[in-house]
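Enquirer: Quick one, what's the 3D model for this:
(one chain, ligands or ions: 1)
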Amino acid sequence: MGILEEIAACVLAGDEVKTPMHVRQALADRVPARRVLDDGLLAGMNEVGRRFREGEYFIPEVLIAAEAMKAAMTILRPALTEQGVAALATAAIGTVRGDLHDIGKNLVSIMLEGAGFDVVDLGVDVTAETFIDACRRQKIDLVAMSALLTTTMPEMEIAIKSLREALKPCPPIIIGGAPVTQAYAERIGADGYGRDAATGAEVARKLCRM
Ligand code: B1M
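Expert: Numbering: from 1, shown residues only. Next comes the predicted model:
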């Protein structure tokens, strides 16, 4: 197995020790940082996403894989910066106003990072103004909203409307959460919908043409 396949396999196994170790080795062997990211870490995370979507992996496996990825990123990030590779895109994510559920939102956040996004996590109970402020403070390429309550779903519509009014151009907006459907996303004018975290990250990549 080559070093990049080894890295992908270590992410898949959630190995927090060996993943950064192999990344260090790959960099010492002069493998370009971008290839270590794309063909090693992201390849592993993509497979984690596929297994999660197909019910082969559950939340704990995803969280463990994310820890391995994070540990490796501390080694890889300086090399990426040095070699002029910026994050592919930046996403701002939050659970909408009135809603305190964050487990699904955190999983989406992990999958977005795994898909090459820098993630600005705005937390829970996020107002339309907070989403707008985040987009004004820095370059945000994608806004991601989560809602778990039928009573907070309308907050997504409010936030989308406000974002579109305040920001021209407005970054693409993706929504998700247990009560949310594709039809609802279309009805309230979202650009994308993710039925689960892995699909959400895939849709996000498409929206950002990554
Ligand atoms: Co709450 N809760 N809860 N709760 N809670 C639900 C959602 C509920 C369905 C339970 C029930 O009654 N059967 C119900 C909602 C009913 C409804 O609206 N129709 C409910 C209720 C009523 C409430 C309270 C109102 C209860 C009360 O106080 N009377 C209250 C509300 C508080 C508030 O938010 N203001 C409340 C509170 C809580 C806790 C704080 C106790 C806790 C949250 C802890 C936390 O998040 N830190 C909690 C929990 C844990 C749940 C359940 C049991 C589990 C939710 C969860 O984390 N699932 C839930 C019942 C259930 O779902 N079985 C329930 C796991 C998570 C991985 O899934 O978040 O769906 P999920 O995310 C998925 C996808 O939806 C998708 O990807 C994720 C991974 O695949 N996804 C996205 C999510 N966001 C996405 C965004 C995307 C794309 C995909 O793009 C941006």
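Enquirer: Can you tell me the element the residue nearest in space to the middle of the chain falls in?
Expert: For the chain, the residue nearest the mean C-alpha position is residue 112 (1.2 Å; C-alpha atoms, centre = their mean). Assessed by DSSP states H and E, residue 112 sits inside helix 103-114.
Enquirer: contact partners of that helix?
Expert: Helix 103-114 has contacts (C-beta atoms under 8 Å, 6 or more residues apart in numbering) with 41-42, 45-46, 48-49, 59, 62-63, 65-66, 69-70, 91, 93-95, 119, 121, 124, 144, 146, 148, 176-178, 194, 197-198, 200-201, 204. Placement of C-beta: from N, CA and C, glycine included.
Enquirer: Filter these down to the buried ones.
Expert: 41-42, 45-46, 48-49, 62, 65-66, 69, 91, 93-95, 119, 121, 124, 144, 146, 148, 176-177, 194, 197-198, 200-201, 204 (16 or more other C-beta atoms under 10 Å).
Enquirer: Looking at those residues, which are in strands?
Expert: Secondary structure from DSSP state E places 91, 93, 94, 95, 119, 121, 144, 146, 176, 194 of the buried ones among the contacts of helix 103-114 in strands.
Enquirer: Can I get those residues in JSON lines including pLDDT and distance to residue 32?
Expert: Formatted as JSON lines, these follow (pLDDT from 0 to 100; distance: C-beta to C-beta, whole Å):
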{"residue": "91", "pLDDT": "98", "distance to residue 32": "25"}
{"residue": "93", "pLDDT": "98", "distance to residue 32": "29"}
{"residue": "94", "pLDDT": "98", "distance to residue 32": "34"}
{"residue": "95", "pLDDT": "98", "distance to residue 32": "37"}
{"residue": "119", "pLDDT": "94", "distance to residue 32": "24"}
{"residue": "121", "pLDDT": "97", "distance to residue 32": "29"}
{"residue": "144", "pLDDT": "98", "distance to residue 32": "29"}
{"residue": "146", "pLDDT": "98", "distance to residue 32": "35"}
{"residue": "176", "pLDDT": "98", "distance to residue 32": "34"}
{"residue": "194", "pLDDT": "96", "distance to residue 32": "31"}
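Enquirer: Return only those of these found close to the ligand.
Expert: 144, 146, 176, 194 (C-beta under 6 Å from any ligand atom).
Enquirer: Got the domain ranges for the chain?
Expert: With domains defined by automatic domain parsing, the chain comprises 3-82, 89-207.
Enquirer: Confidence-wise, which of the ones you listed is weakest overall?
Expert: Between those, the one with the least mean pLDDT is domain 3-82; it has a mean of 92.
Enquirer: And that domain, how far out from the chain middle?
Expert: Between the mean C-alpha location of domain 3-82 and the chain-wide mean there is a distance of 15 Å, by C-alpha atoms, centre = their mean, to the nearest Å.
Enquirer: do the same with stretch 143-162
Expert: Put simply, stretch 143-162 sits 18 Å off its chain's centre (C-alpha atoms, centre = their mean).
Enquirer: Sort out which residues of the longest helix along the chain are buried, please.
Expert: Ranked by residue count and defined by DSSP state H, the top helix of the chain is helix 59-82. By neighbour count with 16+ other C-beta under 10 Å, helix 59-82 contains the buried residues 61-62, 64-69, 71-73, 75-76, 79-80.
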